[in-house]
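[1] okay, sequence plus prediction incoming.
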Amino acid sequence: TTDKIQSLATPLMESESLSVKKEGESLSYSEIPGLTDPSLDVINQLSANMKVLNDLHLRLQFTFKEIKSVLHLK
């Protein structure tokens, strides 16, 4: 089961290359692939950032659904 969960989570983690943070630490813009500093051409950048975050959110939701389904197979 653990191997199955890791095989589901690994591609997501590798594709986003997000480092794990301690509680209370925040990610800087440069640490999330595709995000750019919102001070440049604010409206366009923010909408692009929202799209990146939305895609990441949907992928995380899908991954958690997959992990849950694996855990329920026990």
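    Arrived safely, thanks for sending.

[2] residue 63: which element?
    According to DSSP states H and E, residue 63 maps onto helix 42-72.

[3] quick one: mean pLDDT over that helix.
    If you average the pLDDT over helix 42-72, you get 87.

[4] what packs against that helix?
    When contacts are defined as 3 or more Cβ pairs under 8 Å, 6 or more residues apart in numbering; DSSP states H and E, helix 42-72 sits against helix 2-16. Glycine gets a C-beta too; all of them are placed from N, C-alpha and C.

[5] ok, back up a step: next, the buried residues of the helix holding residue 63.
    Within helix 42-72, the residues that count as buried by 16 or more other Cβ atoms under 10 Å are 45, 49, 56, 63, 66, 67, 70.

[6] want to throw the residues you listed into a markdown table with distance to residue 3?
    Shown next, in a markdown table, are those (distance: Cβ to Cβ, whole Å):
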| residue | distance to residue 3 |
| --- | --- |
| 45 | 40 |
| 49 | 34 |
| 56 | 24 |
| 63 | 15 |
| 66 | 13 |
| 67 | 12 |
| 70 | 10 |
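
[7] and those, which two are furthest apart?
    45 and 70 (37.3 Å; Cβ to Cβ).
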